[in-house]
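Undergrad: below are the sequence and a predicted model for it; my questions follow.
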Amino acid sequence: MQTASKKLVLENISKHFGSLVAVKDVDLVIEPGEFICFLGPSGCGKTTLLRIITGFEQQSTGDVIYDGKVINDVIPQKRDFGIVFQSYALFPNMTVHQNIAFGLKMRKMPSTLIDERVNEILKLVGLSEWATHYPSQLSGGQQQRVALGRALAIKPKVLLLDEPLSALDAKIRIRLRTVIKKLQEELGITMIYVTHDQEEALALADRVAIMREGEIRQIGSPFEVYKKPKTSFIAEFVGTSNFITGKKSNGKVKFGQLEFSVANLEQVDRETVYLAIRPENIELVDETASADDYLPSNVVEVEAEVINFLGAVVRVTFILEGEEMIVDLTEKEYEKIKLKRRDKLKLYFPPAAFHIYGELFRKLI
Amino acid sequence: MRMEAAKIRPGDVIAKTLIWVFLILVCIYCLIPFAWMLSTSLKTEAEAFRMPPTWIPLKLTVDSYIGIWVRKNFGIYFFNSTVISLATAALSTFFGALAGYGFSRFFFKGRRFLIGFFLATQMLPGVLLVGPYFKILSKVGLYDTRTGLIIAFLTICLPFSTWMMKGFIDKVPDELDQSAMVDGCSRLGIFFKIVLPIVAPGMVATILFAFLLAWGDLLWALCLTSSEPMITVTLGIARTVGEFRIIWPMLMAGSLVGGMPAIILYVFLQRLLVQGLTAGAVKE
């Protein structure tokens, strides 16, 4: 049903708006049928990069290459790419059927074929009953499905999605996320997805490209990016991390009165060390376990400041050497210790769970 | 649900009464001239001069209404005014929308200056332009033609129509254009198929503005036309005022009839006009 996608290559793409560098030296190969997410905070250049791929924006340097051909000068109408916007961008003066049929009409497809294709798409996005309705008569989730259907109707070579779920509420977002992923897998279409929501990116993408200040800072599978964040910024932006600034001393990291054993510390030649540890990697000390199971230097006793029940996990906030930190306990662990606010709990920071960085990213706000 | 009797406070009653009295007074102030016109138009010429004047005609007659059509060529004046006003409204709105779309969507060098310049042309009083226009139209053989008058009116209407339409088009998200573009639609196709239907209420407001401006004009018609077959309603009404005699009932009948198209248009398109003028005023 779908046009076979070809390889899309971004070669040394940069975009300047006056003195502002929106995109800087982006080199990227997107394989046919791949689902790639551009993930980053606002202003990191991800949407600009998407607009360059679509042809709405002309890059200052570099080439966009599709199927081996440079398409820098090909206008958006001729690129045969589809796009879905956060605001849905449905034509309010047209019904759902007319919206989906629009691109096909522009391609001068015979009306019988258009009807056939539109019905196929309506079925695909689960909106067959709503064909004669106007966008204003649909819910946000339905509107976004129409937008998705409209973009898919033209059998785009590449489908670009610009924060398509950001305007929807959490439940619909998760449901639509599954719809998008299923469609992508069924149709085998190349999808480029822009989002600032790390959870969305990790859930959807084959590869995630983390962007900051116009550059791709890390690219890899969701697992890779989450487990091995290259910088403290990525450790902070993708998932949640606790940060520790310490000094190297006697093969350990001195953090206030504490001295943590950290794996691979010998590879660090600077005195100040920045560590990151994910809340789910901090362990609750099992009092029944043997003392040999834990390195004593990495066991700390803390007081539960805030307890947040998040469904699958219980997030406990505590203060360690003046720094606010969090630990995620499983429901079982939480039930076992029957934790209440101001209760003491013993935590273990496994040496191998620490990520060591040369600089520390701190959120300004 | 428990129903509670609405509590009416004396202060509210006084305030509401005052508001009603004020509104009624404003209505009377606005409607008295029309009532007087209607009354006079239904009088004989002699009664129109009677002292003290009468509000209700002593002898009701529709002679003046017949007179303006039979003796005064109001049919021709109406035809001219309709053609000129409709053409002015349609052309200025269409070209205004095209220009407005350009200003709204294309960020070219000198755009801001050009937009400002467009608006600045509105600062020139019509009296200043009418002389040069008389010269130009005479030179190109368009003096005393409907086409000449339409072109002249466009000069006045087009900048404002452009501004109005730009305002309405600015409210249409750029993403709609981009979606259509990716679907393979040309810029002109987007303008006609997407943007114009969305800004329809705005177009109605612009059409009304241009129509009323052209319909109510006297100065340009007076200076740029001269022969009987080319004159407009306003000029026709003005010509009922003679050097030695004013036929008041006919003048009033002409004014009332001449005002009718604008009133009818306004009544029928009022909803769209208000929608157009308030579009984007609140978050949808």
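TA: Arrived safely.
Undergrad: helix/strand/coil for the residue nearest to B:S92 when sequence neighbours are not counted?
TA: Of all residues not flanking B:S92 in the chain, B:C157 sits nearest, at 3.8 Å (Cβ to Cβ, 6 or more residues apart in numbering or on different chains). C-beta here means a position set from N, CA and C on the backbone, and glycine is covered the same way. Of the three states, B:C157 takes helix under DSSP: H, G, I helix; E, B strand; the rest coil.
Undergrad: list the residues that contact A:H196.
TA: Shown in contact with A:H196 (Cβ atoms under 8 Å, 6 or more residues apart in numbering or on different chains): A:39-42, A:46, A:163, A:166.
Undergrad: tell me the SS of B:Y101?
TA: Once three-state DSSP is applied, B:Y101 turns out helix.
Undergrad: list the helices and strands the least confident helix or strand in chain B by mean pLDDT packs on?
TA: Using mean pLDDT, DSSP states H and E, helix B:248-278 stands out as the lowest-scoring helix or strand of chain B, at a mean of 78. Judged by 3 or more Cβ pairs under 8 Å, 6 or more residues apart in numbering or on different chains; DSSP states H and E, the packing partners of helix B:248-278 are helix B:10-41, helix B:45-48, helix B:63-70, helix B:74-105, helix B:200-215, helix B:233-238.
Undergrad: okay, the angle between it and helix B:74-105?
TA: Interaxial angle, helix B:248-278 versus helix B:74-105 (axes from the mean of the first three to the mean of the last three Cα atoms, to 10 degrees): 20 degrees.
Undergrad: which residue packs closest to the closest residue to chain B within the stretch 151-300 of chain A, ignoring adjacent ones?
TA: Residue of the stretch 151-300 of chain A nearest chain B, by Cβ to the nearest Cβ: A:I154 (6.3 Å). In space, and not counting its chain neighbours, A:I154 is closest to A:G103: 4.0 Å by Cβ to Cβ, 6+ apart.
Undergrad: surely that neighbour touches B:G184?
TA: Yes - using Cβ atoms under 8 Å, A:G103 is in contact with B:G184, at 6.0 Å.
Undergrad: so the two - more neighbours on which side?
TA: A:G103 (26 against 20; other Cβ atoms under 10 Å in any protein chain shown).
Undergrad: and the gap between that one and A:P156?
TA: 9 Å (Cβ to Cβ, to the nearest Å).
Undergrad: what sits in contact with each of these two?
TA: The contact sets of A:G103 and A:P156 overlap at B:V182 (Cβ under 8 Å, 6+ apart).
Undergrad: who are the contact partners of the residue most central in space within chain B?
TA: With the centre of chain B defined as its mean C-alpha position, the nearest residue by Cα atoms, centre = their mean is B:L212, 1.4 Å away. Contact analysis of B:L212 by Cβ under 8 Å, 6+ apart lists B:262, B:265-266.
Undergrad: out of those residues, which end up buried?
TA: B:L265 (16 or more other Cβ atoms under 10 Å in any protein chain shown).
Undergrad: nearest to A:L265 among the contacts of B:L212?
TA: Using Cβ to Cβ, B:Y266 is the member of the contacts of B:L212 that lies nearest A:L265, at 81.9 Å.
Undergrad: residues from the stretch 1-150 of chain A in reach of chain B?
TA: Residues of the stretch 1-150 of chain A lying near chain B by Cβ under 8 Å from any Cβ of the partner chain: A:54, A:56, A:75-79, A:81-83, A:85, A:87, A:89-93, A:102-103, A:106-107, A:147, A:150.
Undergrad: for chain B, what lies in contact range of chain A?
TA: Residues of chain B lying near chain A (Cβ under 8 Å from any Cβ): B:173, B:175-176, B:178-186, B:189, B:194, B:197-198.
Undergrad: of those, buried ones?
TA: For those, a burial check counting by 16+ other Cβ under 10 Å picks out B:175-176, B:178-185, B:194, B:198.
Undergrad: tell me the contacts of the residue lying closest to A:S139 once chain neighbours are set aside?
TA: The spatial neighbour of A:S139 that comes closest, neighbours along the chain excluded (Cβ to Cβ, 6+ apart), is A:I172 at 7.8 Å. Listed by Cβ under 8 Å, 6+ apart, the contact set of A:I172 reads A:139-141, A:165.
Undergrad: give the ChimeraX command for selecting the buried subset of these.
TA: The buried residues among the contacts of A:I172 can be selected in ChimeraX (16+ other Cβ under 10 Å) with this line:
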select /A:141,165
